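Asks: sequence first, then the predicted structure, then my questions.
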Amino acid sequence: MVEKFDAIVIGAGPSGNAATYTLAKQGLKVLQLERGEYAGAKNVQGGIMYAHELEKIIPDFRDDCPTERHIIEQRIWLLGDDNYIGTNYRSEAYNSDTPNRYTIIRANIDKWFAEKIRAVGGLQICETTVTELIRDPSGKVIGVRTDREGGEIHADVVIMADGVNALLARRSGYQKEAAPENVALAVKEILFIDPELIQQRFGIKDDEGVVIEIMGKVTKGMVGTAFLYTNKESLTIGIGCLVSDFKKGDCPPYKMLEDLKNHPVIKPLIEGAEMKEYCAHLIPEGGFKAIPQLYGDGWMVVGDAAHFNNAAHREGSNLAMASGRMAAETVIELKAAGKDFSAGNLAGYKAKLDESFIIKDLKKYRELPGIMHSNKQFFGAYPDEITQAAHNWFTVDSVDKRTKEKAIMKSFVKRRSVFGLVGDAIKLVRAMR
Amino acid sequence: MHIVVCIKQVPDSAQIRIHPVTNTIMRQGVPAIINPFDLFSLEEALRLKDKVGARVTVLTMGPPMAEASLRKALSLGADDAVLLTDRKFAGSDTLATSYALTSAILKLSEEDPVDIVFCGKQTVDGDTAQVGPGIATRLGFEQLTYITRIEELNESAKEIVVQRRSEGGVQVLKTRLPCMITMLEGTNTMRFGKMDDMFRAARYELKTWSRDFTGAEEAKVGLKGSPTVVSKVFVPKPRAEKAKMITADGSSPDALAAAALDAIFAAQPKLADDLLARAAAGL
């Protein structure tokens, strides 16, 4: 006999977990299918979790959620060859009882979330891959087929939370394969280190944490960024660039990460640490213009699979959780109103997204991916010029300041021309508007 | 036909790390798995189930988290699962463990007599290979260890014919039921469970048994019932000294032995004196 559920959620990442938990909590009969050996087995995240969205789903998550450190300081660095220029923001206010964000080890969070889902009656089944959506003759999705014998399962609605590759949506013809310029490949390492060294090197105590977001010459002109995060007893260091840039083959990801680790300003921070884990993952970076069709008859797509990622602000898991919650709330509302899950009714999900920070933010930066992709000077010439300018300016050598200013200006103009500089400024404004 | 498969949840030894500062095993983040050797026995039990319609009960002793290993076994097709868990069992060595598991198997037999007990050949964390034979001895079951193949199971005659790997070759053994079997690794491949079994495993209400329930004597389980003493756990230090090459004149065994002894006595002069003194004393 084929089992029937109110909803099937595919994937046990932040978006799928948020959807499953929200549905189960409202008493719906929900099945979550995960292909990994356990929830989190296949998941990779840089490692920042924003509290606000999780709070909306599980208000008291701080009681037992296995977070690493709460962030009290954010640094943004522009790397030159052997230097950096940057900004820091640090605040005691982030030491409140309800910190705004945390570093995390993703697998721990997913396991914790799985427990929470079980506690509210959600059924999570792992090691089971959904191979296709089952549709009735009219094209409405009525269930899924898995890779197991007797693997047909029915549901009123299917929520696809299967991650950046969106395999099911692609296989079902709802999405095309993401273009290489819309996807970044990121690699990272977790480096084991004595917590006391972390505290000394980053000027923090107890569970306080620091994150460093990095741009600059280390990406060798490719569109990409790097990061260094403090965990409880490890550091996470990573770097990612667009797949379209890596494809050219100038520098493989592992080499770029090695270069980052050996950069003279990074090396002292990670000295003596021992590599514990190495992972790689794709990140959807196409922004607003890359968002696919988000719903149809009997289905919705959430999280990375819906391309919900704000590359400019390094936000992803919060968009994932928010979209998962909104999809679930749409189901709950329709169910309560006795309505079906036709595309027309599921449009309510899109309406919720449009009203939220997800679409508003992605829309604001809609030009950013395209402009960055076709203007590599932001990742090559500018880091070079800016760090050199800083070096000249802060070096005291009896050259008068007016002459220094002129030399710096001249160097910029020589590199980019006056038109180029003005054009770049306009592009930046357009990208951020 | 009632088959009991004893399994153990172990840390995935392929993923164990040693804490660089404290030198202790870091269990955090190390996935817990079913002891790989147990899976060969579980699969063989499930094959017997397919063949003769046996009922397969999986049994484990461990902390509450061992529940995951039982659910996994259920998802592969086992019918029932029993978790033997009690603080009183904590610290049990192989003697106490085989006693505790035996008490549970006897309890299971009250309801449905057990014909075959399957165990893993050994565990990957303890590596003793003592618990299976311990259970067989306590139950008075025939012992069939290192089995590579079950050739025949005659239910009415209560007989089983198996192939056993031995040092000299392959033994074909016929014995009476009930018996205890440990399968040799690599003799079968674990199946991929059915969707129905996945649902059943997720929803199954696990039987959790305490020491009181099984009637195991308190003095025979846990630390109290365990004569094994772990005196020290340490990480072996790599040896600093280099190997020494000894050269001899000629290649006759006498010459080689003399050269080797000379080198040993040269490095340990006390040993030579000691041996001479003992020889003089007639020891």
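Replies: Yes, it's here.
Asks: got the domain ranges for the chain?
Replies: Using chain A. Using automatic domain parsing, the domains assigned to chain A come out as A:3-66+A:105-176+A:288-364, A:181-284, A:369-432.
Asks: not quite, I wanted chain B
Replies: B:2-220, B:239-283.
Asks: just to revisit the earlier point, how about the domains of chain A, which one is nearest B:Gly186?
Replies: Taking Cβ to Cβ, domain A:3-66+A:105-176+A:288-364 is the member of the domains of chain A nearest to B:Gly186, at 21.7 Å. (Glycine included, C-beta is placed from N, CA and C.)
Asks: average model confidence for that closest one?
Replies: The average pLDDT within domain A:3-66+A:105-176+A:288-364 is 95.
Asks: try stretch B:54-64
Replies: Rounded mean pLDDT across stretch B:54-64 is 96.
Asks: which of the domains of chain A sits most buried?
Replies: domain A:3-66+A:105-176+A:288-364 (a mean of 21; mean count of other Cβ atoms under 10 Å in any protein chain shown).
Asks: first-to-last residue distance for it?
Replies: 44 Å (Cα to Cα, to the nearest Å).
Asks: one step back: save the domains of chain A as a markdown table, and put in distance to A:Arg75 too.
Replies: Shown next, in a markdown table, are the domains of chain A (distance: least, Cβ to Cβ, whole Å):
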| stretch | distance to A:Arg75 |
| --- | --- |
| domain A:3-66+A:105-176+A:288-364 | 13 |
| domain A:181-284 | 4 |
| domain A:369-432 | 15 |
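Asks: what is the neighbour count of B:Asp273?
Replies: B:Asp273: 11 surrounding residues under other Cβ atoms under 10 Å in any protein chain shown.
Asks: for it, give its distance to B:Ala257.
Replies: Separation of B:Asp273 from B:Ala257 (Cβ to Cβ, to the nearest Å) stands at 20 Å.
Asks: send me stretch A:228-247 as PDB with only the CA atoms.
Replies: This file holds the C-alpha atoms of stretch A:228-247, laid out as PDB (Å, rounded to 0.1, in the frame of the first residue of the first chain):
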ATOM      1  CA  LEU A 228      38.100  33.000   8.500                       C
ATOM      2  CA  TYR A 229      35.800  32.100  11.300                       C
ATOM      3  CA  THR A 230      36.400  31.300  15.000                       C
ATOM      4  CA  ASN A 231      34.800  28.200  16.300                       C
ATOM      5  CA  LYS A 232      35.000  26.800  19.900                       C
ATOM      6  CA  GLU A 233      38.200  24.900  19.400                       C
ATOM      7  CA  SER A 234      38.800  25.300  15.700                       C
ATOM      8  CA  LEU A 235      39.100  27.800  13.000                       C
ATOM      9  CA  THR A 236      37.200  27.600   9.700                       C
ATOM     10  CA  ILE A 237      39.100  29.000   6.700                       C
ATOM     11  CA  GLY A 238      37.700  29.000   3.200                       C
ATOM     12  CA  ILE A 239      37.700  30.600  -0.200                       C
ATOM     13  CA  GLY A 240      35.300  30.500  -3.100                       C
ATOM     14  CA  CYS A 241      35.100  31.800  -6.600                       C
ATOM     15  CA  LEU A 242      32.700  31.600  -9.500                       C
ATOM     16  CA  VAL A 243      32.700  28.200 -11.300                       C
ATOM     17  CA  SER A 244      33.000  30.100 -14.600                       C
ATOM     18  CA  ASP A 245      36.300  31.600 -13.400                       C
ATOM     19  CA  PHE A 246      37.700  28.400 -12.000                       C
ATOM     20  CA  LYS A 247      36.800  26.700 -15.300                       C
END
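Asks: any bit of it sitting next to chain B?
Replies: No: shown here: stretch A:228-247 not in contact with chain B (Cβ under 8 Å from any Cβ of the partner chain), separated by at least 9.2 Å.
Asks: please state the offset of that stretch from the chain centre?
Replies: In terms of Cα atoms, centre = their mean, to the nearest Å, the centre of stretch A:228-247 is found 11 Å from the chain centre.
Asks: what's the answer for stretch A:189-199, then?
Replies: The answer for stretch A:189-199 is 23 Å, by Cα atoms, centre = their mean.
Asks: measure it end to end?
Replies: 19 Å.
Asks: that one and chain B in contact?
Replies: Yes: applying Cβ under 8 Å from any Cβ, one finds that stretch A:189-199 is in contact with chain B at A:Phe192, A:Asp194.
Asks: circling back: highest mean neighbour count out of the domains of chain B?
Replies: domain B:2-220 (a mean of 18).
Asks: gap between that one and the chain center?
Replies: Worked out by Cα atoms, centre = their mean, domain B:2-220 lies 9 Å from the chain centre.
Asks: what helices and strands are in contact with the one helix or strand B:Leu108 maps to?
Replies: Element membership for B:Leu108 (DSSP states H and E) is helix B:94-111. For helix B:94-111, the helices and strands in contact under the criterion 3 or more Cβ pairs under 8 Å, 6 or more residues apart in numbering or on different chains; DSSP states H and E are strand B:2-6, strand B:55-61, strand B:80-84, helix B:131-139, helix B:211-214.
Asks: CA atoms only: put the first one into CSV for me.
Replies: I take that to be strand B:2-6. C-alpha atoms of strand B:2-6 as CSV (Å, rounded to 0.1, in the frame of the first residue of the first chain):
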residue,chain,number,x,y,z
HIS,B,2,13.4,-17.5,15.9
ILE,B,3,16.8,-15.9,15.2
VAL,B,4,18.5,-13.4,17.4
VAL,B,5,21.2,-11.2,16.0
CYS,B,6,23.5,-9.5,18.6
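Asks: and the helix or strand just after that strand, is it in reach of chain A?
Replies: Per DSSP H and E, the first helix or strand lying C-terminal to strand B:2-6 is strand B:9-11. No: for strand B:9-11, no contact with chain A is found by Cβ under 8 Å from any Cβ; the gap never falls below 13.4 Å.
Asks: average pLDDT for strand B:9-11?
Replies: On average, strand B:9-11 scores 91.
Asks: who does that strand pair up with?
Replies: strand B:32-34 (antiparallel) (DSSP bridges).
Asks: OK, contacts around the closest residue to B:Thr57 other than its chain neighbours?
Replies: Spatially, and ignoring its direct neighbours in sequence, B:Thr57 is nearest to B:Asp80 (4.4 Å; Cβ to Cβ, 6 or more residues apart in numbering or on different chains). Applying Cβ atoms under 8 Å, 6 or more residues apart in numbering or on different chains to B:Asp80 gives the contacts B:Arg55, B:Val56, B:Thr57, B:Val58, B:Lys207.
Asks: before we move on, back to that, what is the mean pLDDT for the helix holding B:Leu108?
Replies: Here the average pLDDT along helix B:94-111 is 96.
Asks: where does A:Gly163 fall, phi/psi-wise?
Replies: Phi and psi for A:Gly163, reported as degrees, to the nearest 10, are phi 90, psi -180.
Asks: list the contacts of it.
Replies: Here A:Gly163 is in contact with A:Gly11, A:Gly13, A:Asn43, A:Gly303, A:Asp304, A:Ala305 (criterion: Cβ under 8 Å, 6+ apart).
Asks: just the ones of the residues you listed in strands?
Replies: Residues from these lying in strands, with DSSP state E as the criterion: none.
Asks: nearest to chain B among the residues you listed?
Replies: Minimum distance to chain B across the contacts of A:Gly163 is 13.8 Å, recorded for A:Asn43 (Cβ to the nearest Cβ).
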